[in-house]
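**Student:** any chance you could fold what I've pasted below:
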Amino acid sequence: MIPALFQIDPRDSVATALRDLGAGEIELGVTLAQPVPKGHKVAVKAVAVGDPVLKFGFPIGRATAPIAPGEHVHTHNVATALQASGEYRYVPHEDAPAPAEGPSFMGYRRADGRVGTRNEIWVIPTVGCVGRTAQKIAERAGQAHAGAVEGVHAFAHPFGCSQLGDDLEGTRAVLTALANHPNAGGVLIVGLGCESNQTSGMLKGITHPNIRVLGAQIAQDEIEEGLALIDELVAGARAERVAVPLSELVLGVKCGGSDGFSGLTANPLVGRMSDAVTGAGGTAILTEIPEIFGAEQLLMDRSADERVFDGIVGLVNGFKRYFTDHNEPVSENPSPGNIAGGITTLEEKSLGAVQKAGHATVTDVLHYGERVRSRGLTLLEAPGNDAVSSTALAAAGATVILFTTGRGTPLGFPVPTVKIASNSDLAARKPGWIDFDAGQVLDGGMDAATQALLGTIAEVASGRQTAAERNGEREIAIWKRGVTL
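**Tutor:** The predicted model follows:
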């Protein structure tokens, strides 16, 4: 029988309600003082004003009022203790999960040795002015070449002009990285002609062997010329799936619309996927830097060496400066949906979120727009926004993204995105959005769910469409950081 309260660590002063609880109920030896919604926290130990409240074995904030056992613990009696900057100490990392084999999958082996999970044609506009043009070309080409490739997709965006310096370079870097992705059997770059993000600048960083360029201002009929170029790309994109080991997978991990169950079910389950992939010799990518604030030391303690440690420190403190430079508190999170789901502070959200990285050693740190260059666990610079961070994961080279959610979202991204519900209610209500129910962890156990999700990942990597793919949800979003002219 599933208990009504779940205490993650024996040191914790709170436990999570696994169902709606009523006043007077007795659970874990405490009597509830008031009704507590599912996913919210109940005190199992007394906490004095100013003392840390513990969950996951770590502080998630400080009590702003006396908290007695059995009381509802949330924003009314707990506040963040995050600071605008932090000082960290490097400790050599020695412990790492033992190598292990995982399931193989059927992927596309590319000429450079990388493996794609899809064989598609991607249409990438350099600038927002030709975003709709790119979409029109992709829509018509997709119908004309159905069956020859696994899809023709355009990734429209509003940027590429009226940008300066690092802001423009960030746009160019992400689009260039997408153009190099192994899931694209061919790439059409669509430029306008007068934009800041010139096609010539992008081409300097593109190494894809099957690429064409369309200049809309010099074309007599840009749609017809674009379709002719895609005919050429399709001819050069023919490929067959071959059996490859799990070590060839690049796994992006992301959470969005988290709730009180995310840190109990979906995120630790995804952490096991990260361990499985990295343990097999593959790559996992963790991002959402503001959503590791308060839990960053856990990742720093797993740095492969001092260079990686310094990279994590620089990324975390740099992102905190990004907030303070704009006169914003570093703790301006969780979202209203997170709070409604039972998450009280950013520390709590972060401690749950970093579980997606499992226990793997952090082997590299990437800046926004950079591509993976080592196996193991990589930390990638990007904000927490679902679309921006998932686009950054795809640009970095993720060939499958695992997206955990307690609230649900229909949004999809350039690469297959497996939506993992943290609770079974969401999975039952939104079968058109959700690919996997992590709520099964609570009644079937973590081991059974681990094997089931590994099987789902292998199937998706081998060609099984995700819910977002079936729904035609393919979007990108670019991180806009600078002045607009």
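**Student:** so where do the strands sit in the stretch 51-200 of the chain?
**Tutor:** Applying DSSP state E, counting those that start in this stretch to the stretch 51-200 of the chain gives strands spanning 52-55, 58-63, 72-73, 78-79, 105-109, 115-116, 120-125, 152-154, 184-191.
**Student:** helices and strands around the fourth one, which ones?
**Tutor:** Applying 3 or more Cβ pairs under 8 Å, 6 or more residues apart in numbering; DSSP states H and E, one finds that strand 78-79 makes contact with strand 58-63. The C-beta positions use only the backbone N, C-alpha and C, and glycine is treated the same way.
**Student:** what about the protein, any weak spots by pLDDT?
**Tutor:** The chain contains residues with pLDDT under 70 at 1-2, 95-99.
**Student:** domains of it?
**Tutor:** 5-79, 120-238, 246-470 (automatic domain parsing).
**Student:** return the most buried member of these.
**Tutor:** Most buried of the domains of the chain by mean neighbour count (mean count of other Cβ atoms under 10 Å) is domain 246-470; its value is a mean of 22.
**Student:** run the chain-centre distance for stretch 201-221.
**Tutor:** In terms of Cα atoms, centre = their mean, to the nearest Å, the centre of stretch 201-221 is found 29 Å from the chain centre.
**Student:** need the contact partners of it.
**Tutor:** Stretch 201-221 is contacted from outside by 111-112, 126, 130, 133, 172-173, 175-177, 179-180, 184-194, 199, 222, 225-226, 229-230, 232-233, 236-237, using Cβ atoms under 8 Å, 6 or more residues apart in numbering.
**Student:** returning to what we had before: make CSV out of the strands of the stretch 51-200 of the chain and add distance to residue 90.
**Tutor:** Shown next, in CSV, are these (distance: least, Cβ to Cβ, whole Å):
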stretch, distance to residue 90
strand 52-55, 24
strand 58-63, 20
strand 72-73, 34
strand 78-79, 30
strand 105-109, 37
strand 115-116, 34
strand 120-125, 40
strand 152-154, 43
strand 184-191, 39
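**Student:** how about these, which one is nearest residue 344?
**Tutor:** strand 78-79 (5.2 Å; Cβ to Cβ).
**Student:** distance between that closest one and the chain's centre?
**Tutor:** 27 Å.
**Student:** give me the contact list for it.
**Tutor:** So strand 78-79 is contacted by 53, 60-64, 67, 344-345 (Cβ under 8 Å, 6+ apart).
**Student:** partners of it in the sheet?
**Tutor:** strand 58-63 (antiparallel) (DSSP bridges).
**Student:** just the C-alpha atoms of the partner strand, please, in PDB.
**Tutor:** Extracted in PDB, the C-alpha atoms of strand 58-63 (Å, rounded to 0.1, in the frame of the first residue of the first chain):
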ATOM      1  CA  PHE A  58      19.700  19.700   2.500                       C
ATOM      2  CA  PRO A  59      18.200  23.100   3.400                       C
ATOM      3  CA  ILE A  60      15.400  24.300   1.200                       C
ATOM      4  CA  GLY A  61      15.100  27.600   3.100                       C
ATOM      5  CA  ARG A  62      14.600  29.000   6.600                       C
ATOM      6  CA  ALA A  63      11.500  29.000   8.700                       C
END
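**Student:** contacts for it?
**Tutor:** 47-54, 77-81, 294-295, 344-345, 347-348, 351.
**Student:** circling back: closest one to residue 91 among the domains of the chain?
**Tutor:** domain 246-470 (6.1 Å).
**Student:** could you tell me the end-to-end distance of the closest one?
**Tutor:** This stretch, domain 246-470, spans 24 Å end to end (Cα to Cα, to the nearest Å).
**Student:** can you tell me which residue is spatially central in this protein?
**Tutor:** Closest to where the C-alpha atoms of the chain average out (Cα atoms, centre = their mean) is residue 254, at 2.3 Å.
**Student:** for the spatially closest residue to residue 189 that is not a sequence neighbour, give its distance to residue 198.
**Tutor:** Distances taken as Cβ to Cβ, 6 or more residues apart in numbering place residue 213 nearest to residue 189, at 4.8 Å, with adjacent residues excluded. For residue 213, the distance to residue 198 (Cβ to Cβ, to the nearest Å) stands at 11 Å.
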